[in-house]
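Peer 1: my questions are about this predicted structure, shown below with the sequence.
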Amino acid sequence: MQTQTQTIRKAFRCAFPHTLPIFAGFWFLGLTYGIYMNVSGFPFWYPALMSLTIFAGSAEFVTVNLLLGAFHPLQALALTLMINARHLFYGISMLDKYKGTGWKKIYLIFGMCDESFSINYTARIPEDIDRSWFMFFVTLLNHLYWFSGATLGGIFGSLIHFNTEGLDFVMTAMFVVIFMEQWLKEKQHISSFIGLGCSVVCLSLFGADHFIVPSMIAIFVLLTCLRRPLEKGETVQ
């Protein structure tokens, strides 16, 4: 029988390779965020503390302007809810997967970002790997990547001078890779086509700034309605 230490080590070794693409993206954006905070007049411990406690990249970038402007707590709350509304759907999707994770569930909920959700939801965890520890390390490693990148950017921001325009495309490229990996794992691609179709339709209807939440709602409704046929199709093939 495996000891607890062996179980934890095996879960860490299994989770770490899954997070390497996230490491590259988070370090680029984390450094950019830290530099942005530095040039905005904040000391390095601001991006360090915010990346550790907020851990929501888009919201953290917006927070810079909120800190520099007048104090409007209700506006900050509403803006944060709009930016991160997609996490409501992530949480619903992870209800079953987070069952039985014990004390780790609290941190898994707090640390669930887009990238951690993508890995923990789609990864095929080997049977001899503890599922709760695997998801815990995926979440923890991604959190540390962002925290370390933002902190280093804040520390060395005053020494680094380069044009950071276009670095945000790293995250787009990373999600394309995650999507392709999921596509290759699927026996049928109905769910992928639903996601693409809903996103395209909502993009044309609501525009680039407002299509995410409607598309997430549409995807959630359609996948919920088609859940049994999709599961039956995966089982038959």
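Peer 2: Received, thanks. Residues are numbered from 1 along each chain as shown.
Peer 1: list the buried residues for the helix ranked longest in the chain?
Peer 2: With DSSP state H setting the assignment, residue counts place helix 4-39 as the longest helix in the chain. By 16 or more other Cβ atoms under 10 Å, the buried positions in helix 4-39 come out as 7, 10-12, 14-15, 18-19, 21-23, 25-38. C-beta coordinates here come from the backbone N, C-alpha and C atoms, glycine included.
Peer 1: again, but for stretch 78-97
Peer 2: By neighbour count on 16+ other Cβ under 10 Å, the buried set for stretch 78-97 is Leu79, Thr80, Ile83, Asn84, His87, Tyr90, Met94, Lys97.
Peer 1: just these now: which is nearest Ala208?
Peer 2: Nearest to Ala208 among those is Ile83, at 14.4 Å by Cβ to Cβ.
Peer 1: got a list of what the closest one touches?
Peer 2: By Cβ atoms under 8 Å, 6 or more residues apart in numbering, the residues touching Ile83 are Ala56, Ser58, Ala59, Val62.
Peer 1: if we go to 6 Å?
Peer 2: Ser58, Ala59 (Cβ atoms under 6 Å, 6 or more residues apart in numbering).
Peer 1: how close does it get to Met135?
Peer 2: 24 Å (Cβ to Cβ, to the nearest Å).
Peer 1: same deal with Asn142?
Peer 2: 11 Å.
Peer 1: same question, Gly91
Peer 2: Gly91 is 14 Å from Met135, by Cβ to Cβ.
Peer 1: now Val39
Peer 2: Distance from Val39 to Met135, by Cβ to Cβ: 36 Å.
Peer 1: and Trp183, what does it touch?
Peer 2: So Trp183 contacts Ser192 (Cβ under 6 Å, 6+ apart).
Peer 1: domain map for the protein?
Peer 2: 4-166, 186-237 (automatic domain parsing).
Peer 1: closest one to Met180 among those domains?
Peer 2: So among these, domain 186-237 is nearest, using Cβ to Cβ, at 9.8 Å.
Peer 1: ok now the closest one, how far from the chain's centre?
Peer 2: Relative to its chain's centre, domain 186-237 lies at 19 Å (Cα atoms, centre = their mean, to the nearest Å).
Peer 1: could you pull up the mean pLDDT of that domain?
Peer 2: Across domain 186-237, pLDDT averages out at 78.
Peer 1: so where's this structure shaky on pLDDT?
Peer 2: 1-2, 82, 158, 160-175, 177-178, 181-182, 185, 230-237 (pLDDT under 70).
Peer 1: how about the helix or strand where Pro214 lies, which residues are buried there?
Peer 2: Under the criterion of DSSP states H and E, Pro214 resides in helix 212-225. Neighbour counts over helix 212-225 (16+ other Cβ under 10 Å) mark Ile212, Val213, Pro214, Ser215, Met216, Ile217, Ala218, Ile219, Leu222, Leu223 as buried.
Peer 1: tell me what the longest helix of the chain is packed against?
Peer 2: Secondary-structure packing of helix 4-39 (3 or more Cβ pairs under 6 Å, 6 or more residues apart in numbering; DSSP states H and E): helix 45-53, helix 131-156, helix 169-185.
Peer 1: most packed of these?
Peer 2: Of all the helices and strands packed on helix 4-39, helix 131-156 carries the top mean neighbour count, a mean of 22, counting by mean count of other Cβ atoms under 10 Å.
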